[in-house]
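>>> need the 3D shape of this:
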Amino acid sequence: MMKVIFVQHSCFVVEIENKVLIFDWFDKNRIAGYEFGGVMPQFSKDKEIYLFASHKHQDHFDLQSLKWIEKYPNMHFILSKDIRLGANYLKRNEIPENIKNYITFVKPLSTYQVGDLEVRTLNSTDAGVAFLVKANGQTIYHAGDLNDWSMEGAGDIINGKMKRDYRRALKELEGEHIDVAFVVLDARIGVHQFEGFDYFMQNVNADVIFPMHMWRDYSAIARYKAQSKNIRFIERIVDITRENEEFDIEESEFVEK
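Residues are numbered from 1 along each chain as shown. Here you go, the predicted model:
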């Protein structure tokens, strides 16, 4: 049994038994021009809490999350190495330097043991890493900003390299069975918006797929489903309709709460 909470944008909370996995949290008021409404749930202090940040972009990492260690003693941070936390920077933001004792900094194409989690990282086509996490017999994938970011007007050479880089990155998932995946579906890139998501659907063995990085516009989910001719694809995709939405996942099926 797994509980998934869509907080906002690319931030999800995954609860599995005694563990809480938090991916790419940022404060809802942090991004200019967007009125995000995500609220982080409160957790028992007895829980093992793991916060993942795929890279330093402000819609994927918030420095203030490091202060949560004051509330949750069993907290671990798994941060991409592009997130720089110098002593003076931490001091200016009133974060004790010993916070680094609770942080595992990760680089692409590496495997780490954090507590009893196995954490693998993939290359990103933008910044930082994507995560493949194994916890309590479940496998979770979070793309971060790994996507086919082909752009209108960029030309065949640039877009061709983007597609090759994306497909090369996803080859690291060959042979993996993923229980829950969080995958970019960003309508801002226009005619190319479905290409990265569709390639993932066709080439990665994942039971339940949550679209993400949608900037509060969830209409792309229905549009993707409408253009897909594969009913098995449609059944695996979660319809996200709002922030702070909760789902129970059991035996590769999801139920909205």
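>>> partner residues bridging Glu15?
Beta bridges link Glu15 to Lys3, Val20, judged by DSSP bridges.
>>> what sits against it?
2-5, 21 (CB atoms under 8 Å, 6 or more residues apart in numbering). Yep, even glycine has a C-beta here, placed from its N, CA and C like the rest.
>>> how about Thr121?
Residues near Thr121 by CB under 8 Å, 6+ apart: 106-112, 129-132.
>>> could you dump these to CSV with pLDDT?
Converted to CSV, the contacts of Thr121 look like this (pLDDT from 0 to 100):
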residue, pLDDT
Val106, 98
Lys107, 98
Pro108, 98
Leu109, 98
Ser110, 98
Thr111, 98
Tyr112, 98
Val129, 98
Ala130, 98
Phe131, 98
Leu132, 98
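>>> follow-up on the earlier one: which one of the contacts of Glu15 is nearest to Gly137?
The closest of the contacts of Glu15 to Gly137 turns out to be Met2 (CB to CB; 10.3 Å).
>>> which residue is nearest the middle of the chain?
His142 (3.6 Å; CA atoms, centre = their mean).
>>> before we move on, back to that, and the contacts of Thr121, which are buried?
106, 108, 129-132 (16 or more other CB atoms under 10 Å).
>>> make CSV out of the residues you listed and add distance to Gly196 and secondary structure.
Listed next are the buried ones among the contacts of Thr121 as CSV, based on distance: CB to CB, whole Å; DSSP: H, G, I helix; E, B strand; the rest coil:
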residue, distance to Gly196, secondary structure
Val106, 22, strand
Pro108, 17, coil
Val129, 16, strand
Ala130, 12, strand
Phe131, 17, strand
Leu132, 17, strand
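>>> quick check, Asp248 in contact with Met1.
Yes - with contacts counted by CB atoms under 8 Å, Asp248 reaches Met1, the gap being 6.9 Å.
>>> the residue nearest to the centre of the chain pairs with what?
Beta-bridge pairing for His142 (DSSP bridges): Phe131, Phe182.
>>> distance check, it against Asn29.
Distance of His142 to Asn29, computed by CB to CB, to the nearest Å: 23 Å.
>>> with adjacent residues omitted, what lies nearest to His213?
Distances taken as CB to CB, 6 or more residues apart in numbering put Val184 closest to His213, at 4.4 Å, once the chain neighbours are dropped.
>>> oh, I was asking about Leu132
Spatial nearest neighbour of Leu132, excluding adjacent residues (CB to CB, 6+ apart): Arg120 at 4.2 Å.
>>> so how far is Pro73 from Phe61?
In terms of CB to CB, Phe61 sits 22 Å off from Pro73.
>>> ok, back up a step: out of the buried ones among the contacts of Thr121, who's nearest Ile99?
Closest approach between the buried ones among the contacts of Thr121 and Ile99, by CB to CB: Val106, at 16.1 Å.
>>> ok, the closest one to Leu85 distance?
Applying CB to CB to Val106 and Leu85 gives a distance of 14 Å.
>>> one more: Asn205?
36 Å.
>>> run through the protein and note the low-pLDDT ranges.
251-257 (pLDDT under 70).
>>> which stretches of it form helices?
Shown for the chain, the helices assigned by DSSP state H span residues 87-92, 156-170, 195-203, 219-227, 231-236.
>>> would you mark the buried spots in the last one?
Looking back up the chat, that one is helix 231-236. Result for helix 231-236 [16+ other CB under 10 Å]: buried residues 233, 236.
>>> which residues are contacting stretch 63-76?
Residues contacting stretch 63-76 (CB under 8 Å, 6+ apart): 25, 27, 43, 45-51, 53, 77, 85, 90, 93-95, 99, 102-104, 114-115.
>>> quick check on these: which are buried?
Buried among these (16+ other CB under 10 Å): 25, 43, 48-51, 53, 77, 85, 90, 95, 99, 103-104, 114.
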